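Colleague: Got a sequence here, can you model it:
(chains A and B)
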Amino acid sequence: MNAIETHRLHRRFRRTVAVKELDLAIPPGTIYGLIGPDGAGKTTTLRMLAGVLRPTSGQARVLGKDVVRDPEALRRHIGYMPQHFSLYGDLSVLENLTFFAEIYGVPRGERTARIQRLLRFAQLEAFAHRPAAKLSGGMKKKLGLACALVHSPQLLLLDEPTNGVDPVSRREFWDILGELYLQGVTILITTPYMDEAERCNQVGLMFRGELIQQGEPDALRRLAPGQMLVLYAPDLLRVEQLLAQFPDVLSLQVYGDRLHLFVADAQASKPRLAAFLRQKGVAFTALYQDEPRLEEAFIHLIRQARAREAAVQA
Amino acid sequence: MLRQILNIAWKEFLQIRRDRFLIIFLILAPTMQLVLISRNTARGLRDVSVAVLDLDQSALSREFVQELDVTQEMVVRYHPDTHQALHQLLDDGLAQVGIVIPQGFQRRFRSPTQAPAQLQALVDGANILIGANADPVISGVLGRLVQRHVQLPPGVELGGVQVYSSALFNPTFDIQWFVIPSTLAFITYQVALVLAATGFVREKEIGTLEQLLITPIRRVELITGKAAPSVVLGALNFLLLTGVQTWGYRIPIRGSLPLLMALALAAIVAVVGVGTVISVISQSQQQAVLLVFLLAILEVTISGYLLPVESMPVVMRGLAQVSPLQHFMTAYRAIILQGSTLAMLLPHFLALLGIIVATGALAWRAFSRHVA
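Modeller: Sure thing, here's the model as predicted:
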């Protein structure tokens, strides 16, 4: 049995379709990363799976329970951290954890031991008596996660939990998720960070309410068109304009101070591109082949989807 | 069920304990309000500035001015010499009341058979409170002069009918006995309403409501748990104010104390019910406070505080029937001043119970829709 299974799950807000006939099947013990641009429907999906938002149509079974018919029974077994997760800032770390432990009905005998374990786990022991409002951003997120874990859920739904958190805290956060994964907890996480998506077992790409691609990160990465060349040049804008017409180039993406060029055969195209740029009198400092990452594949897939949509409209 | 309600309520108390401003709001502010409002509204006119143009310059006119000056209500500050100067004082707002004592005041006073003695009083009509209250004060002073100076033959009394009135329930007809209990009821109402109205929406604003919704807690438990602390705090506030009223102002409680407590509890729960509905439908604390403000103005108008309910137009009288403040205030005054019993006040109790049930149902429905 899958931990999460949806069948044509659909949600409309007035005229806007937020999630469109979504079919998801996530086996237990998976870290599943849901990625996609803003407004793709990730949060709506998570809220429906948590039983907070009623689907317009379709079914969703989470841990074998129907989210519409049995949301209260379901809630005892899942931990959900909403995007704008908030704690009671005027309560201390310990009081926040105790409050959620009580609400979830954690037996009194187990409570103290479990809270101590979570504090250790989230490295918050030293801050147990600090008001939550006075924690750093990263610590707040870890406390939020600890609160969502206080009833030892089998499934965790995390909505952009590391958004706006510094890289070190993000890494610590993911270390915790790694431990949970080893304990067999199923995790569904949305994230805007591609390096985080690469840490998942499975990644689903959502766009305009639909799941347009799904698979292991490695498989998705290979969906980038052809091979990738990286080019550094002082006048990046001009290079981009010139190369956009160049026959070998399938697609190009500006990436900070460099240009990612996608070509069918990197080794064959490299000298041709270099010659072309020299002939045009444009300087460049480096040109080499590199492995495309998930990010490039992601941008490519989104562009493809946008182009398809534009074609349908036209 | 009860355990979850207590969980929520306990958390609320922890939060309230940390909130110094709220504690001040709950204890200091209501007491201060009660003292200030009753100090200022419960004593009628006081030290109104008077200008007297004395054209008679007689012993009697001077005596009149002196008598007027020693009243609590008025102070004779100015003694202009001309009509023009008197009007100037009134125009400039330095005097609120101007009195002209015409020539011949003393002569006519002594021999009323000719033409009666006259006085002219000019009152600042812009302030209706002074206008309406100055007249009886001046007449009172004149009355005392008459009693003192007009010798009547034995057996003959002045005037045809001597009106002898005595106020029931309030022997000295002390306006404080009306104003303080009414103010107390209003402050109790206001505090409970604000507490309840900001409770839910605060969780909505900081985002913890979403977090609570995915816990196994049920809506009824959440609503009750959030409302309970407002009721407890509202009740404590009520006890504090009633203490100030009883021992500070020596206003007696003539009726049954348990009945009074039952009334206060019913009223506070009803008000918290109204506040909870406001809190559930509001999107921000600001919205909630504005709604409270709007409602409070309306409720004061129809509560009988400014105007007896019986004197209101039909529509207002109808509204007064669903106003928790009106039922609370009326029944509260009846218990402490008139010693009314439950049987006499049953309609008020039933109305309050009705409001509790209705607002509870409304809050639950509005909340369910919020989650949909």
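
Colleague: A:Arg61 contacts A:Glu5, doesn't it?
Modeller: Yes - when contacts are counted by Cβ atoms under 8 Å, A:Arg61 is listed as touching A:Glu5 (4.9 Å). Where you see a C-beta, it was placed from the backbone N, CA and C, and this is true even at glycine.

Colleague: Strands of the stretch 51-200 of chain A, start to end?
Modeller: Secondary structure of the stretch 51-200 of chain A (DSSP state E, counting those that start in this stretch): strands at A:57-62, A:65-66, A:78-81, A:155-159, A:186-190.

Colleague: Give the other helices and strands that the fourth one contacts.
Modeller: Secondary-structure packing of strand A:155-159 (3 or more Cβ pairs under 8 Å, 6 or more residues apart in numbering or on different chains; DSSP states H and E): helix A:42-49, strand A:78-81, helix A:137-148, strand A:186-190.

Colleague: could I get those as a markdown table with mean pLDDT, distance to A:Leu91 and mean neighbour count?
Modeller: Putting these into a markdown table (pLDDT from 0 to 100; distance: least, Cβ to Cβ, whole Å; neighbours: other Cβ atoms under 10 Å in any protein chain shown) gives the following:
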| stretch | mean pLDDT | distance to A:Leu91 | mean neighbour count |
| --- | --- | --- | --- |
| helix A:42-49 | 92 | 25 | 25 |
| strand A:78-81 | 90 | 17 | 25 |
| helix A:137-148 | 88 | 11 | 22 |
| strand A:186-190 | 95 | 26 | 25 |
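
Colleague: These: which one's closest to chain B?
Modeller: For chain B, the closest of the helices and strands packed on strand A:155-159 is strand A:78-81, at 4.6 Å, according to Cβ to the nearest Cβ.

Colleague: Direction included, what does that closest one pair against?
Modeller: Strand pairing for strand A:78-81, using DSSP bridges, gives strand A:155-159 (parallel).

Colleague: Tell me who's in contact with B:Leu86.
Modeller: B:Leu86 sits next to B:Ala51, B:Leu53, B:Pro80, B:Ala95, B:Gly98, B:Val100, B:Leu122 when contact means Cβ atoms under 8 Å, 6 or more residues apart in numbering or on different chains.

Colleague: need those in TSV with neighbour count, secondary structure and distance to chain A, can you?
Modeller: Converted to TSV, these look like this (neighbours: other Cβ atoms under 10 Å in any protein chain shown; DSSP: H, G, I helix; E, B strand; the rest coil; distance: Cβ to the nearest Cβ, whole Å):
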residue	neighbour count	secondary structure	distance to chain A
B:Ala51	23	strand	58
B:Leu53	23	strand	65
B:Pro80	19	coil	63
B:Ala95	25	coil	55
B:Gly98	22	strand	59
B:Val100	19	strand	66
B:Leu122	19	strand	60
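
Colleague: Looking at the residues you listed, which one is closest to B:Arg254?
Modeller: Nearest to B:Arg254 out of these is B:Ala95 (Cβ to Cβ; 42.9 Å).

Colleague: Number of residues surrounding B:Asp47?
Modeller: B:Asp47: 11 surrounding residues under other Cβ atoms under 10 Å in any protein chain shown.

Colleague: swap in the one 5 residues further on?
Modeller: Counted by other Cβ under 10 Å, the residues lying close to B:Val52 total 22.

Colleague: cool, and A:Gly109?
Modeller: Number of residues near A:Gly109 (other Cβ under 10 Å) recorded here: 8.

Colleague: Also A:Val168?
Modeller: Using other Cβ under 10 Å, the number of residues around A:Val168 comes to 9.

Colleague: contacting residues around it?
Modeller: Going by Cβ under 8 Å, 6+ apart, A:Val168 touches A:Gly138.

Colleague: hang on, the earlier thing: who wins for proximity to B:Ala227 among the helices and strands packed on strand A:155-159?
Modeller: For the helices and strands packed on strand A:155-159, proximity to B:Ala227 was assessed by Cβ to Cβ; helix A:137-148 is nearest, at 24.0 Å.

Colleague: Show me what that closest one packs onto, helices and strands only.
Modeller: So helix A:137-148, by 3+ Cβ pairs under 8 Å, 6+ apart, packs with strand A:78-81, helix A:93-103, helix A:108-121, strand A:155-159, helix A:167-182.

Colleague: Helix A:108-121 and that helix, what's the angle between them?
Modeller: For helix A:137-148 against helix A:108-121, the angle by axes from the mean of the first three to the mean of the last three Cα atoms, to 10 degrees is 150 degrees.
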